[in-house]
Every structure is written in structure tokens, then in C-alpha cells.
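> pasting the structure only:
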């Protein structure tokens, strides 16, 4: 923590524009540096006292089933060093509560914007491979990202990865956004790639209806992992239906499927059933969010959502099916979730319970407070 504070102090000393104030370098050029932040704190309570808050079942009954937790304490620095070039750094200081190895640093990338149709990015970032990659976690309509987002992130397709991408957008009757990415695929903050294979992925998003904000996304990717070929694909759909002057229904749904090479290589070679093609994961979720815009004093809106998820980490072999319901009530204060209180419950149900593992039915209540700086 002391090292990080020192680095932040040095960064501040050399900053030439902080929080809206321009300064001039010795060579008379100007740059712009802005700083943002996010704080999320939680209280969690598992109704099954034999299951801890990581979902692990304890056969001896010695589980920590309730806890106060700092989920995220983020600082983001964005530097506009020219009219075409930006540099972004994102730190999550809450990762220091455990072993910070391969953590803390989330985003660290540079972008070059040629025009609206063609831009480039290189560094550590979230490659576009699904609807959940299109927005940050602090504006999500549920308690956190879906189970499939976590699984596909662990397999190198989503979440923070190291690599490069080109992206852009077109306008007109049918607006199109696209991104093509190539990443190492072994997750964030690694010294180097763990093999010579790379993850090649793409996303195309079509704006079908401007009035109802209907968008459809197509995602696909190919990879080579430890000499074996792997794939992933998906489709997503989102939109907003106005119900009354201040009442609207926001909906999103997503389906994904691909090889689970993390699971495959975690099994002893002698115990594997076939090659990597026999180990595939599949996920689906549907998330409706009912929003009532109050705009009374500091209270901006009340929202109620209930996400349903189906995820199977290995659908070609029986016994790993998982269903999750996450009902949530949220109160938004100020604007753009600058302050937010969320109350929800994460209900996991498995086709088969396995004692002493994380594959065990449980229900966890979550009370979360959030502030965007």
C-alpha cells in the first residue's frame, strides 16, 4: 500500500492537468489528466451456515457466513496527451486486502483515434466480447457480473486481458459498432504469456431501433491454448420499453458457448475424457430491470431487477448445471449512480450438490453502498 501511495504521489507531481486544471509543460504543449473513483462496500450473509461467502461448503461446519467487505476502491487516471491519443490507468486498491499478486492494476492502455471508424488500443483492457463488456460494473443492473462473464473471463475472452484491438463505429439508419481484439488470454498482470497461442475475438453490435434502444451483438473468437484449438461464440440483445412517463422496463439477455480449457487443463491427463473439444461451457441470462424515475430532491430513481442465469461449466458431461436467481432493489441518488444503495440476494441451485466444494446450493443476502467520485 505504501508503494502505491508513493507512486500516486509521484504521478500527481508530474501531472500537468488535474481535475479540470490545465498547466503548461516546459515545451509549451498541453495535456489533460482527469481522475475518477469508485467505492463499493458490502455486508453479506449466507443463510446456510455451513457455506462460506465464497460459496465453499464446509463439512466441519466452520464457515464464515457473514462479513463486512470492501468490494472495490478504484482510482482511474485518464490522460489526453494529444487530440488523438489517450492513456488510461485503473487501480482497484481493495485488492490489497488479499494477496495482490496479479491484481490491483486493472486497466492500463493507450488509444489512438484516427476517426470514428478506425481506432486502435494496446495494453491491458477488457476486450469486447459480450454485452457486459459494454459498461462498467458500477452501472450494472444487478449485484455483479454474471457467472458466464466470470467463466469466459477466466478462459481469456472477457475481463481484463493484455493485448491490442482495433475498433470503431458507423452511423446512419443502421448504426454499427465493432471491435477486433488479439490478447494473450492468460488474464491480467502476467509477466508474459504462458504459451505462444493467442485469443482472437470480435464483436459486432447493430443498433436496430433508436426509439427503444434495441441493440443486438454478435461475438466470436478462436484461440490456441497449449497447442490445442479453442473457440467461443455468443449473441446478446438489449432494449428499453417505456411504460409510463417516469416508468420504463430495461431488458438484456445473452447466450454464450465455448471450450473450457481452464477446466480441461486442471484435470490430470490420465483422468481426462477425450480432448479439449469434449469440454465446453454454456451460459444464458435474462435481466429485466424496472426503473421508476422519481427525481425528488437527491433521490433520482428506484429500480427492481431479477436476473435469471443458467450456466454449465461442462455441459458435455453430466452434473455441473447451475441456476442462479438474483432479485435486487436499488435506490439511486444524485445522477448516473453517483450514490447508490442496493439490497439483493444471490440464490444458487445446482443439479447435483457436492459436499466440500463450491458446487452446493446456497443463498447469500447482500447490502451494498456505492459512491462514484
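Perfect, thanks for sending it. Just so it is clear, the model here is predicted, and its values are computed rather than measured. Residues are numbered from 1 along each chain as shown.
> among the helices and strands of the protein, which has the poorest mean pLDDT?
One helix or strand of the chain scores below all others by mean pLDDT, DSSP states H and E: strand 17-18, with a mean of 42.
> Mind listing the residues bridging to residue 228?
Beta-bridge partners of residue 228, counted by DSSP bridges, are residue 225.
> In contact with it: list those residues for me.
Residues counted as contacts of residue 228 (Cβ atoms under 8 Å, 6 or more residues apart in numbering) are 261, 275-276. All C-beta atoms are positioned from the backbone trio N, CA, C, and that covers glycine.
> State the helix or strand in which residue 264 lies.
For residue 264, the host element (DSSP states H and E) is helix 261-266.
> which residues of the protein fall in helices?
Per DSSP state H, the chain carries helices over the ranges 2-14, 147-154, 261-266.
> rank those by pLDDT, which is bottom?
The weakest mean pLDDT among those belongs to helix 2-14, with a mean of 45.
> Distance-wise, check the closest residue to residue 168 other than its chain neighbours relative to residue 292.
With sequence-adjacent residues excluded and distances taken as Cβ to Cβ, 6 or more residues apart in numbering, residue 168 is closest to residue 117, at 4.3 Å. Separation of residue 117 from residue 292 (Cβ to Cβ, to the nearest Å): 38 Å.
> what does residue 270 give?
58 Å.
> Mind checking which of the two has more residues around it?
residue 292 (13 against 5; other Cβ atoms under 10 Å).
> tell me the contacts of the more buried one?
246-247, 301-303.
> Swap in 10 Å and give it another go.
The contact partners of residue 292, by Cβ atoms under 10 Å, 6 or more residues apart in numbering, come to 243-244, 246-248, 301-304.
> Please check the contacts of residue 228 and keep the buried ones.
Among the contacts of residue 228, the ones that count as buried by 16 or more other Cβ atoms under 10 Å are 261, 276.
> Tell me the one of the contacts of residue 228 nearest residue 93?
residue 261 (31.4 Å; Cβ to Cβ).
> Correct me if wrong: that closest one contacts residue 155.
Yes. Counting by Cβ atoms under 10 Å, residue 261 does reach residue 155; the two are 6.0 Å apart.
> Show me whatever sits in contact with both of these two.
Contacts common to residue 261 and residue 155, judged by Cβ under 10 Å, 6+ apart, are 185, 223, 225, 230, 281.
> Identify the residues contacting the nearest residue to the fourth one once chain neighbours are set aside.
In this structure, residue 230 finds its nearest non-sequential neighbour in residue 259, 4.0 Å apart by Cβ to Cβ, 6+ apart. Taking Cβ under 10 Å, 6+ apart as the criterion, residue 259 is in contact with 155, 223, 225, 228-232, 275-281.
> Would you tell me which one of those comes nearest to residue 41?
For the contacts of residue 259, with residue 41 as the reference and Cβ to Cβ as the criterion, the closest is residue 155, at 30.0 Å.
> who does the longest strand anywhere in the chain pair up with?
Scanning the chain for the strand with the most residues, using DSSP state E, yields strand 280-296. As defined by DSSP bridges, the strand partners of strand 280-296 come to strand 247-259 (antiparallel), strand 299-312 (antiparallel).
> tell me the angle of the last one relative to helix 147-154?
So that's strand 299-312. 70 degrees (axes from the mean of the first three to the mean of the last three Cα atoms, to 10 degrees).
> and if you look at the first one?
Here strand 247-259 runs at an angle of 40 degrees relative to helix 147-154 (the same axes, to 10 degrees).
> Run a quick neighbour tally on residue 234.
Neighbour number of residue 234 under other Cβ under 10 Å is 24.
> Spatially nearest residue to it, not counting backbone neighbours?
Excluding its sequence neighbours, the residue lying closest to residue 234 (Cβ to Cβ, 6+ apart) is residue 256, at 3.6 Å.
> now the strands paired with strand 280-296 as a markdown table including mean pLDDT and distance to residue 33?
Supplementary listing: those in a markdown table, determined by pLDDT from 0 to 100; distance: least, Cβ to Cβ, whole Å:
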| stretch | mean pLDDT | distance to residue 33 |
| --- | --- | --- |
| strand 247-259 | 98 | 34 |
| strand 299-312 | 97 | 29 |
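> Turn these into JSON lines, columns for distance to residue 64.
Output for the strands paired with strand 280-296, formatted as JSON lines (distance: least, Cβ to Cβ, whole Å):
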{"stretch": "strand 247-259", "distance to residue 64": "32"}
{"stretch": "strand 299-312", "distance to residue 64": "25"}
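> and of those strands, who's closest to residue 93?
strand 299-312 (27.4 Å).
> Check which residues of that closest one are buried.
Buried residues in strand 299-312 (16+ other Cβ under 10 Å): 300-301, 303, 305-307, 309-312.
> same check, this time on stretch 118-126
119, 121, 123-126.
> Between all of those residues, which two are separated the most?
119 and 124, at 17.1 Å, using Cβ to Cβ across those.
> returning to that earlier point: just the contacts of residue 259 now: which is nearest residue 329?
residue 281 (30.6 Å).
> Quick check: closest non-adjacent residue to the closest one.
That would be residue 260: by Cβ to Cβ, 6+ apart, it lies 4.3 Å from residue 281.
> Residue 325 now?
residue 347 (4.4 Å).
> The one you found against residue 328, yeah?
No. Between residue 347 and residue 328 there is no contact under Cβ under 10 Å: 11.5 Å.
> The two - which one has more neighbours?
Using other Cβ under 10 Å as the criterion, residue 347 and residue 328 rank with residue 328 on top: 22 against 16.
> Tell me who's in contact with that one.
Taking Cβ under 10 Å, 6+ apart as the test, what residue 328 contacts is 140-143, 287, 289, 303-307, 342-346, 366, 368.
> Let's see the pLDDT reported for it.
pLDDT, read off for residue 328, is 98.
> again, but for residue 319
The model's pLDDT for residue 319 equals 85.
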